[in-house]
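> Test case, fold it:
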Amino acid sequence: MMEGGQPIPSSLVPLGNTSSDFSMSLEQKTTFVFVILLFIFLGILIVRCFRILLDPYRSMPTSTWADGLEGLEKGQFDHALA
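As a prediction, the model looks like this:
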């Protein structure tokens with residue numbers, strides 16, 4: 001009780017039988033599943049990013065950009081564009 005004799009309002013106390021008949025609607029279930037799928041996707045992306053950060057050269061291809069140039073040396077773009 002407060003100083004003036006008024007009871008302290010408590011919003012944390014459940015109201016009667018609200019916890020006993022708790023059921024989710026179809027929209028709430030769909031939203032819950034969608035959020036879970038987003039968390040799984042986020043976890044996969046986090047793991048993938050950490051794997052790239054720990055070993056960045058493993059995911060790079062072995063060929064380079066100059067492999068496709070036939071007869072041209074690296075850096076000679078002026079003749080290739082003409």
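
> Check the protein for its longest helix and report it.
Using DSSP state H, we find that the single longest helix of the chain is helix 26-54.

> for that helix, what is the average pLDDT?
The average pLDDT within helix 26-54 is 95.

> in it, what's buried?
By 16 or more other C-beta atoms under 10 Å, helix 26-54 has no buried positions at all. In this view, the C-beta of every residue, glycine as well, is placed from N, C-alpha and C.

> Check which helices and strands that helix sits against.
For helix 26-54, there is no helix or strand it packs on, judged by 3 or more C-beta pairs under 8 Å, 6 or more residues apart in numbering; DSSP states H and E.

> what's the spacing between T62 and T30?
Separation of T62 from T30 (C-beta to C-beta, to the nearest Å): 45 Å.

> swap in L42?
19 Å.

> which residues does F34 contact?
Not one residue lies near F34 by C-beta atoms under 8 Å, 6 or more residues apart in numbering.

> So for A80, what's the pLDDT?
Looking at A80, its pLDDT is 55.

> Please apply the same query to S23.
87.

> Show the backbone phi and psi for S23.
Main-chain torsions, S23, degrees, to the nearest 10: phi -140, psi 140.

> What's the local residue count around it?
S23: 6 surrounding residues under other C-beta atoms under 10 Å.

> how about it, what does it touch?
By C-beta under 8 Å, 6+ apart, the contact set of S23 is empty.

> what about it, distance to K29?
Separation of S23 from K29 (C-beta to C-beta): 10 Å.
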